[in-house]
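Visitor: What follows is a predicted structure for the sequence shown.
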Amino acid sequence: PAAFDASPIPEDAPVLPFPPGENYFQLREFSFTLRDDIYVRFQSFGSPQELERELQKINPYKIDIGAVYSHRPSQHNTVHLGAFQPMEKELVFDIDMTDYDDVRTCCSSAEICSKCWTLMTIAVRVIDRALVEDLGMKHRLWVYSGRRGVHCWVCDDAVRKWSPALRAAAVEYLTLVKGGAETVKKVNLSEPIHPFIRRSVNVVEKYFEEYALVGQDILGSPERWDKVLALIPEDILSHREPLQSDFPKKRDSVQRWELLKGKMDAPCYADWEIMLQYCFPRLDINVSKGVGHLLKSPFSVHPKTGRISVPLDLQRLDQFDPFAVPTISSLCHELDAAGDDGEQEDGGETEPKRRVRDYKRTSLAPYVRVFEQFLEEMERARRGEQLRRSGKRREEKQPAWGPGGAPWLWGAALFL
Ligand SMILES: [Zn+2]
């Protein structure tokens with residue numbers, strides 16, 4: 001690909017160049033939040049180096065990434081009205097702990113702790129499974145937001161071109177908890193139970209006892225178990241009173257849950273409904289639906305916590321600790337230390353070379369590796385697809401093109 005030099009496309013070109021090259025980068029919106037909440041949208045850059053220079057110059061508090069547009073975002077005012085349109089964006093999900101305040105007993109609003117962080121672990125497991133197994137998606141990057149939530153960037157070629165309607169449909173498929181603060185019962189299941197629900201319950205079940213019964217102790221006091229019992233549907237209301245009188249005789253939430261589950265005979269799914277209301281991921285549809293919606297950049301610093309927004313390694317998701325993530329100040333200390341060592345070891349080395357190696361000496365290195373692996377996987381898939389396409393084209397068009405036709409050569413050149 002290094003040898004592949006896409007010629008610049010005209011400013012008014014209706015289609016985007018593919019494979020994503022330099023032009024794709026130039027059409028991408030960046031937005032910055034500056035001091036005093038000054039918000040600058042529609043920034044775009046000719047090259048990553050130009051972006052880097054601008055970041056160093058203006059020092060933004062927050063960096064967001066937007067869509068790839070029909071024209072360079074920085075020139076959107078020079079294009080006639082209506083012509084400037086978002087063309088592509090990753091499908092994104094934003095899961096925020098504040099949306100779980102009605103079912104958390106340990107923290108509220110922006111606070112998180114290791115107990116309620118399990119909700120984010122469950123969210124990633126449930127959504128990621130569905131993205132891969134149910135919706136056929138391949139390239140998902142999960143990122144810790146730096147404060148109280150997680151983001152997902154789905155980067156598959158086809159998905160990046162999805163309309164808002166398709167994005168909304170995907171979120172709707174992935175939504176089970178419905179209704180606002182006034183709605184008591186937010187999950188309602190009926191037969192036939194969709195496989196997505198069954199598989200999601202399988203995921204939740206792995207965490208439910210330790211998270212909800214032991215950690216959150218959701219049946220630990222009359223006040224708490226009344227909240228749970230209020231979710232048992234009207235038609236089996238007769239179960240509520242016996243449970244209320246038997247619950248005090250049981251030792252803890254685990255025993256009380258056993259009792260409750262024992263009372264729920266098929267075809268009643270009240271226990272599943274309770275599990276899902278307490279644990280199932282809560283997505284913000286507006287973030288995912290809008291192609292022009294912006295989302296905080298991976299690896300940027302969270303302005304409130306100073307923590308780096310780091311990619312999550314799904315192989316080791318259960319061990320992820322949001323409080324152990326490097327912060328801007330911890331990284332500065334590490335880099336200072338690495339810098340001192342570096343000067344002693346190899347005195348006269350040039351500045352850029354040392355910079356590349358320095359990050360590898362910080363606690364950010366494993367997170368960068370996760371990101372690199374994600375990119376390598378995408379690059380491998382892209383090359384494979386190009387090869388497949390050029391091979392297919394050669395087969396189909398062989399009589400017209402003749403052996404050794406141009407598309408095949410083009411594909412081979414890219415691959416080599
Ligand atoms: Zn908590």
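Guide: Nice, thanks for sending it over. Numbering: from 1, shown residues only.

Visitor: Could you list the contact residues of the protein toward the ion?
Guide: Along the chain, the residues adjacent to the ion under the rule C-beta under 5 Å from the ion are 106, 107, 113, 115, 116. Just so you know, the C-beta spots here come from the backbone N, C-alpha and C atoms, and that holds for glycine as well.

Visitor: Of those residues, which is the most crowded?
Guide: residue 116 (22 neighbours; other C-beta atoms under 10 Å).

Visitor: Tell me if I'm right that it and residue 97 touch.
Guide: Yes. Using C-beta atoms under 8 Å, residue 116 makes contact with residue 97 at a distance of 6.5 Å.

Visitor: list residues touching both of the two?
Guide: 104, 107 (C-beta atoms under 8 Å, 6 or more residues apart in numbering).

Visitor: hang on, residue 93 in a strand?
Guide: Yes. Assessed by DSSP: H, G, I helix; E, B strand; the rest coil, residue 93 belongs to a strand.

Visitor: Bridged to it, which residues?
Guide: Legend: beta-bridge partners of residue 93 under DSSP bridges are residue 152.

Visitor: is it true that it touches residue 127?
Guide: Yes. When contacts are counted by C-beta under 8 Å, residue 93 is listed as touching residue 127 (6.4 Å).

Visitor: Pick out whichever of those two has more residues nearby.
Guide: residue 93 (28 against 22).

Visitor: Enumerate every residue touching that one.
Guide: 127, 151, 152, 154, 171, 283, 287, 288.

Visitor: Spatially, which two of these are the most separated?
Guide: Pairwise distances across the contacts of residue 93 peak at 14.0 Å for 151 and 171 (criterion: C-beta to C-beta).

Visitor: who's more crowded, these two?
Guide: residue 151 (24 against 18).

Visitor: Please list all residues in contact with that one.
Guide: 92, 93, 94, 95, 142, 143, 145, 295, 296, 298, 309.

Visitor: Also residue 378?
Guide: By C-beta under 8 Å, 6+ apart, residue 378 lies in contact with 139, 155.

Visitor: which residues of the stretch 101-250 of the chain fall in helices?
Guide: Secondary structure of the stretch 101-250 of the chain (DSSP state H, counting those that start in this stretch): helices located at 117-129, 157-160, 164-173, 195-208, 222-229, 240-246.

Visitor: Quick one: those as a markdown table, columns for mean pLDDT too.
Guide: As requested, the helices of the stretch 101-250 of the chain are arranged in a markdown table below (pLDDT from 0 to 100):
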| stretch | mean pLDDT |
| --- | --- |
| helix 117-129 | 98 |
| helix 157-160 | 95 |
| helix 164-173 | 97 |
| helix 195-208 | 98 |
| helix 222-229 | 95 |
| helix 240-246 | 88 |
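
Visitor: Tell me the residue of the stretch 251-400 of the chain that sits nearest the ion?
Guide: Across the stretch 251-400 of the chain, no residue is closer to the ion than residue 322, which sits at 10.8 Å (C-beta to the ion).

Visitor: That residue: neighbouring residues, count only.
Guide: Quick note: residue 322 (other C-beta under 10 Å) scores 21 neighbours.

Visitor: now residue 248
Guide: Other residues near residue 248 number 9, with proximity taken as other C-beta under 10 Å.

Visitor: List the contacts of it.
Guide: residue 222.
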